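# sequence and predicted structure, then a few things I'm wondering about:
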Amino acid sequence: MKSILRPLAAASALVLMATTGAFAEWKPSGPITMMIGFAAGGGADTQARMIAEELEKRHGWTIIPEQVTGGGGAKLAAKMKGMANDGTVIGLAVTETFGYNMVANPKAGYSQADITPLTTTAGFQMGVVAQTSKGWNDFGDVIAAAKAGETIRFGTMSPKIADIAYLLGEANGVEFNIIEVKGGKAVMNGVNAGDMDIGFMAGIQAKGVAAGDLVNLASALSTPLNMSPDAKGMDAYGVDFVLDGYFVFVGPAGMPLDARKALSSAIAAVVNDPSTKAGGFVKKAFGGPTTISGAELGGLLAKDAADSEKLMNAVQ
C-alpha cells in the first residue's frame, strides 16, 4: 500500500531529526510493555517485534513484547482496560478489534472509550486467493465452477470475513463451504495444501502471487490491490461491503498528550523508514506503510464500528 503521509508522519520526521517539539522530550517512566494481539510468527507479531527493536535502538527505551492472543485482539483490548496510561503499556491489534469484534461481542469487556488510539502502521492487502493451478482468472470463474456443481471450500480468518464470504455466495446464487481458521497464514497453508479452494488473505499472499503460484481473484478493498490492480472489487460480485483494515497501535484510555504524540510519531517514523527492518517488512508484506493518527484515526474506528453493525444486519 502506498505510504500515506498524514500530519503525524511529518511530526515523526521532526522527532527523528531531534527537533525541540514538546513531545520530543517525553520518556517512559520505565519499560514499555508492548502487547501483541496475534500469534507469534504472523504479520502483526513480526512487525511489532521489529518496531520494538528499532524503537529501543533509536530512543533507548526498553520494550517488552507480550503475546495476548484471542478474539481477534479482543483479549488484548480487555486486558489493557484500566492499565497504566502513562505510555508504559501499548498494544498492536487491528481496526477490526475495535469495530466488528467489539460490536459482535458486547460482553468482551471493552469499548472504544477504553483505549487511546495511537497510529496505524499498514493497511491490509485483502484479496480472494487461489492456487494458479486451479486455472481461475477471477472470482467469476469460481462462481461458474460452483454453479456447475463443484464444492468450493472458502477459507476465512475471522467472523467478519466469513460474513463477506457468505454474502458473496448469496449475491451470486451459490453456497460456499466456508472454513474459518486462525490467521491468514492458516488460510494460505490451507490453499497451498489443497484443503481449501480459495481463501481471503491480507497480504501474506504477496510472495506467492509474485512467484506465479497464487492469484488474487478479487480485491476486498475499496481501492485496487497493489499487487493485482486489475482484480475486481466486491461490488463487481454484488457485495457492497469491503474489508479495508489496518494494524493499529493503541494504549489505555486517557493517555497524556505528550506520551501519545511521542509514541505514535516514533512508531510512524520507524515504519515510514524503508531502511529499517520494520519498514522493509511492511513494504514487502503490505505494499508500504499507512500511518493514520489523532482525530482521523478516531473517526476511522468509529466508522468501522458503524459499518460492522450494517454488515451484521445484512447477514441476519
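Everything's here; your move.
# how near is Leu263 to Asn105?
Using C-beta to C-beta, to the nearest Å, one obtains 27 Å as the distance from Leu263 to Asn105. Placement of C-beta: from N, CA and C, glycine included.
# those two: which has the busier surroundings?
Per other C-beta atoms under 10 Å, whichever of Leu263 and Asn105 has more neighbours is Leu263, with 25 against 15.
# how far out from the middle of the chain is the helix or strand where the more buried one lies?
With secondary structure defined by DSSP states H and E, Leu263 is part of helix 257-271. On the basis of C-alpha atoms, centre = their mean, to the nearest Å, helix 257-271 is displaced by 19 Å from the centre of the chain it belongs to.
# could you do stretch 206-216 as well?
Relative to the mean C-alpha coordinate of its chain, stretch 206-216 is positioned 20 Å out (C-alpha atoms, centre = their mean).
# now stretch 127-143
Relative to the mean C-alpha coordinate of its chain, stretch 127-143 is positioned 23 Å out (C-alpha atoms, centre = their mean).
# tell me which residues of that stretch come out buried.
Residues of stretch 127-143 classed as buried: Gly127, Val128, Val129, Ala130, Gln131, Lys134, Trp136, Asp138, Phe139, Val142, Ile143 (neighbour count, 16 or more other C-beta atoms under 10 Å).
# also stretch 225-243?
Buried residues in stretch 225-243, counting neighbours by 16+ other C-beta under 10 Å, are found at 225-228, 231-234, 237, 239, 241-243.
# can you list the weak-confidence ranges in the protein?
Confidence mapping of the chain against pLDDT under 70 gives the ranges 1-24.
# what packs against the longest helix seen in it?
Using DSSP state H, we find that the single longest helix of the chain is helix 294-314. Identification of packing neighbours for helix 294-314 by 3 or more C-beta pairs under 8 Å, 6 or more residues apart in numbering; DSSP states H and E yields helix 100-104, strand 115-123, helix 159-171, strand 246-252.
# tell me which of these sits nearest to Gly298.
With C-beta to C-beta as the criterion, Gly298 lies closest to strand 115-123 of the helices and strands packed on helix 294-314, at 5.6 Å.
# relative to helix 294-314, how tilted is the closest one?
Relative orientation of strand 115-123 and helix 294-314, computed by axes from the mean of the first three to the mean of the last three C-alpha atoms, to 10 degrees: 80 degrees.
# next structured bit after the helix holding Leu263?
Remark: after helix 257-271, the chain's next helix or strand is helix 277-286, criterion DSSP H and E.
# list the buried ones in that next one?
Of all the residues in helix 277-286, those buried under the rule 16+ other C-beta under 10 Å are Lys277, Ala278, Gly279, Phe281, Val282, Lys283, Ala285, Phe286.
# ditto for stretch 45-60
Using 16+ other C-beta under 10 Å as the test for burial, stretch 45-60 gives Asp45, Thr46, Gln47, Ala48, Arg49, Met50, Ile51, Ala52, Glu53, Glu54, Leu55, His59.
# now those as JSON lines including distance to Ala84 and secondary structure?
As requested, those are exported to JSON lines (distance: C-beta to C-beta, whole Å; DSSP: H, G, I helix; E, B strand; the rest coil):
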{"residue": "Asp45", "distance to Ala84": "23", "secondary structure": "helix"}
{"residue": "Thr46", "distance to Ala84": "26", "secondary structure": "helix"}
{"residue": "Gln47", "distance to Ala84": "24", "secondary structure": "helix"}
{"residue": "Ala48", "distance to Ala84": "19", "secondary structure": "helix"}
{"residue": "Arg49", "distance to Ala84": "22", "secondary structure": "helix"}
{"residue": "Met50", "distance to Ala84": "25", "secondary structure": "helix"}
{"residue": "Ile51", "distance to Ala84": "20", "secondary structure": "helix"}
{"residue": "Ala52", "distance to Ala84": "18", "secondary structure": "helix"}
{"residue": "Glu53", "distance to Ala84": "23", "secondary structure": "helix"}
{"residue": "Glu54", "distance to Ala84": "23", "secondary structure": "helix"}
{"residue": "Leu55", "distance to Ala84": "18", "secondary structure": "helix"}
{"residue": "His59", "distance to Ala84": "19", "secondary structure": "helix"}
